[in-house]
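In: compute the structure for the input listed below.
(one chain, ligands or ions: 1)
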Amino acid sequence: MSAADVNALRAERVAATAERRWLFIVSAILVLLVAMMIVTSLHWAAMPPSRVETVDIRALHVQGEFVDSNLGTAVEPSGQVTVRLVAQQYSFEPPCIVVPADTPVSFRATSTDAIHGFVIGTTNANTMLVPGFVTTFTTRFHKPGTVLMPCHEYCGVGHEAMWAHVQVVPTQEFFAKARDVRRLTCVAR
Ligand SMILES: [Cu+2]
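Out: Coordinates of the predicted model:
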């Protein structure tokens, strides 16, 4: 065997070793990723949903909590401020929501047709609205003023025109207004 042959043989062996090492690394990455998928799937499947409240969307406008006359902002007998709203293609009802500043405000909302959602300005209010389910969350608004509340789940051709306004009013002004009416909105009538 010539020296050149020996070199070629050695190079081949080095290449084969490197390739085998690479094969091992790639296999390890694949095994790790599949294991992560299995573990997270089993973990999530084993977790109970945090809270599920359903509502019959066929009767939404006729009876129950989400009839038109019950939508808007309410001061409950306990003093808790609750906003009830419904999303539909392509609007929110009510389209103008009044909330007090610096007060915990609970939202109860649902959708009548497709999956919708909303964010309120730059606050942490950000949720999905799924037909048949009641979405609830509680938040606080610090700065008085009017903020936009766009739908942020693509819900059809009119999606980009789907938004409401949220009017954050000073606490005392809000409770003075709420004294006279059962449900408060800032929709011009
Ligand atoms: Cu929408």
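In: mind listing what the closest residue to Phe141 other than its chain neighbours touches?
Out: The shortest distance from Phe141 to any non-neighbouring residue, by CB to CB, 6 or more residues apart in numbering, is to Val168 (4.3 Å). (C-beta placed from N, C-alpha, C; glycine too.) Neighbouring residues of Val168 by CB atoms under 8 Å, 6 or more residues apart in numbering: 99-101, 141, 143-147.
In: residue boundaries of the helices in this structure?
Out: With helices called from DSSP state H, the chain shows them at 3-46, 171-180.
In: out of these, which is the most enclosed?
Out: helix 171-180 (a mean of 13; mean count of other CB atoms under 10 Å).
In: ok, back up a step: dump the helices of the chain into JSON lines; add mean pLDDT and distance to the ion as well.
Out: Shown next, in JSON lines, are the helices of the chain (pLDDT from 0 to 100; distance: least, CB to the ion, whole Å):
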{"stretch": "helix 3-46", "mean pLDDT": "94", "distance to the ion": "26"}
{"stretch": "helix 171-180", "mean pLDDT": "91", "distance to the ion": "27"}
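In: with distance to Val52 added, can I get the ones you listed in a markdown table?
Out: Output for the helices of the chain, formatted as a markdown table (distance: least, CB to CB, whole Å):
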| stretch | distance to Val52 |
| --- | --- |
| helix 3-46 | 15 |
| helix 171-180 | 30 |
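In: quick check: mean pLDDT across stretch 78-88?
Out: Computed over stretch 78-88, the mean pLDDT rounds to 95.
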